[in-house]
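Student: A predicted structure for the sequence below; I have some questions about it.
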Amino acid sequence: MTAHAPDHAAGAAHVHVVPAPVLLAVWGALMALTVLTVAATWVDLGAMNLVLALAIATVKAALVVLYFMHMRYDRPFHAIVFVGSLAFVALFVILALLDTAAYRPEMIPDYAPAIKGR
Amino acid sequence: MSHTPPHGEAHDPHLAHHFPDATTQFEAGKLGMWIFLATEILLFGGLFCAYAVYRANHPEIFMYAHQFLDKVLGGINTAVLIISSLTMAWAVRAAQLGHQRALTRLLAATIAMGFVFLGIKYVEYEHKWKEGLLPGTHFNYPLPEVPAAAPPVAADPAPVGVPAGDASTIAPAARGPAGLADPAAARPPAPPVVPRNVQIFFGIYFTMTGLHGLHVIAGMITLMWILRRARRGEFGPRYFTPVDLAGLYWHLVDLIWIYLFPLLYLIH
């Protein structure tokens, strides 16, 4: 179902109006996923708990971006800008973590530099 | 034409003269907003990077310290922001369809949700302030059984093959910073119930949620301005760009919280 702004007279921008049922369905999915991510902490999955929490958060973020932020109906170039910024954040975090992992053997467990003045 | 332009001019009063038509103007504004949102993601990206590095190095601090956060309040705030995102998206829809009363009500509801979020955040911050769960040197929560005074340990055995008298007083390089650090600190009692340096978590918590909170305030100020203009009837199917762009900003604030909630409150 596609609704359009009723006024297409000269001067009006042609844009997509998100149907109300879609907005409500996305909202319901976001609330359900929030409950799911809280419930997931009651189950011990080891390292997978973090992966699952981030996966749920990413599904929620995708719903917000695609429907609430209209990216599904938007120009693809906006998606390139947005996903591009995410790619650079991922590059930043992954390289920093690779560096952290490289220094892991020299880490002293449970030791962080003491703070002066304590 | 289904309605007369407010100023009764021949051309659209909202169309700047350097744009050929409203669609081009709308798309230019939207592209600018998306580029701004990209810089916001990069700004928060630095904080997420700090989080990732500290958590990779000291998972025990995160496992322990997150218990001081209230999952119920954090969960309620997540729901509040998701509801506010719905009312915001619906406000854009109302503006596009020219539903003036719905537009002002939905904008007001979105701002109200922002106040609820900040109110709950205030309760959380006040609790941590009173308990002394603060970053860095301000951390003064009385943690139980902090292994402050490490048990006396025998001096490092001399490296094999080196006569005892010639042994270096600096620990082997494999121990890393231990070479120059307090040797007692280098050997914590295993396994510690309370990790050292819990304040690191609160430094990250307050920086990330604090910057996010500033964005909520900025979003609310923007929406109040949009609401003021909406009350004057400035927006409708022909012109709703400011509502749309303020909405994009508000959704981004929600987006960041969607990641902050599990990363800070729901550590398992």
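Tutor: Great, that's in hand.
Student: Identify the residues contacting A:A101.
Tutor: B:A56 (Cβ atoms under 8 Å, 6 or more residues apart in numbering or on different chains). (Each C-beta comes from the backbone N, C-alpha and C, glycine too.)
Student: how about 7 Å then?
Tutor: Residues counted as contacts of A:A101 (Cβ atoms under 7 Å, 6 or more residues apart in numbering or on different chains): none.
Student: and what of B:H18?
Tutor: Contacts of B:H18 by Cβ under 7 Å, 6+ apart: none found.
Student: what's around residue 96, how many residues?
Tutor: The chain I'm using is chain A. A:A96 sits with 16 neighbouring residues when counted by other Cβ atoms under 10 Å in any protein chain shown.
Student: that's the wrong chain, I meant chain B
Tutor: 26.
Student: likewise B:V116?
Tutor: The burial count for B:V116: 16, using other Cβ under 10 Å.
Student: What strand or helix carries it?
Tutor: helix B:100-131 (DSSP states H and E).
Student: hmm, that helix in reach of chain A?
Tutor: No - using Cβ under 7 Å from any Cβ of the partner chain, helix B:100-131 never reaches chain A; the gap is at least 10.7 Å.
Student: how far is that helix from where the chain is centred?
Tutor: Centroid displacement of helix B:100-131 relative to its chain, using Cα atoms, centre = their mean, to the nearest Å, is 15 Å.
Student: swap in stretch A:91-110?
Tutor: 24 Å.
Student: ok, now stretch B:77-87?
Tutor: With Cα atoms, centre = their mean, you get 15 Å for stretch B:77-87.
Student: Averaged pLDDT, that stretch. What do you get?
Tutor: On average, the pLDDT along stretch B:77-87 is 97.
Student: Can I get that stretch in CSV, CA atoms only?
Tutor: The C-alpha trace of stretch B:77-87 is given here as CSV (Å, rounded to 0.1, in the frame of the first residue of the first chain):
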residue,chain,number,x,y,z
ASN,B,77,13.5,4.6,29.3
THR,B,78,14.0,2.4,26.2
ALA,B,79,10.2,2.1,25.9
VAL,B,80,9.8,5.8,26.4
LEU,B,81,12.2,6.6,23.5
ILE,B,82,10.6,4.0,21.2
ILE,B,83,7.1,5.6,21.9
SER,B,84,8.5,9.0,21.2
SER,B,85,9.9,7.7,17.9
LEU,B,86,6.5,6.5,17.0
THR,B,87,4.8,9.8,17.8
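Student: hmm, it in reach of chain A?
Tutor: Yes - contact of stretch B:77-87 with chain A (Cβ under 7 Å from any Cβ) involves B:78-79, B:82, B:85-86.
Student: can you pick the most crowded of those?
Tutor: B:S85 (29 neighbours).
Student: ok so, going back, other SSEs contacting the helix holding B:V116?
Tutor: Packing contacts for helix B:100-131, counted by 3 or more Cβ pairs under 7 Å, 6 or more residues apart in numbering or on different chains; DSSP states H and E, involve helix B:71-97, helix B:199-231.
Student: Tell me which of those sits most buried.
Tutor: Comparing these by mean neighbour count (mean count of other Cβ atoms under 10 Å in any protein chain shown), helix B:71-97 ranks first with a mean of 23.
Student: helices and strands around that helix, which ones?
Tutor: Contact here means 3+ Cβ pairs under 7 Å, 6+ apart; on that basis helix B:71-97 packs against strand A:16-17, helix A:20-39, helix B:100-131, helix B:241-260.
Student: Check whether the shortest one comes near chain B.
Tutor: Same thing as strand A:16-17. Yes - interface with chain B: strand A:16-17 contributes A:V17 (Cβ under 7 Å from any Cβ).
Student: residues in contact with B:G114?
Tutor: Neighbour list for B:G114: B:84, B:216, B:219-220 [criterion: Cβ under 7 Å, 6+ apart].
Student: mind running it again at 10 Å?
Tutor: B:80-81, B:84, B:216-217, B:219-221, B:223-224, B:250, B:253 (Cβ atoms under 10 Å, 6 or more residues apart in numbering or on different chains).
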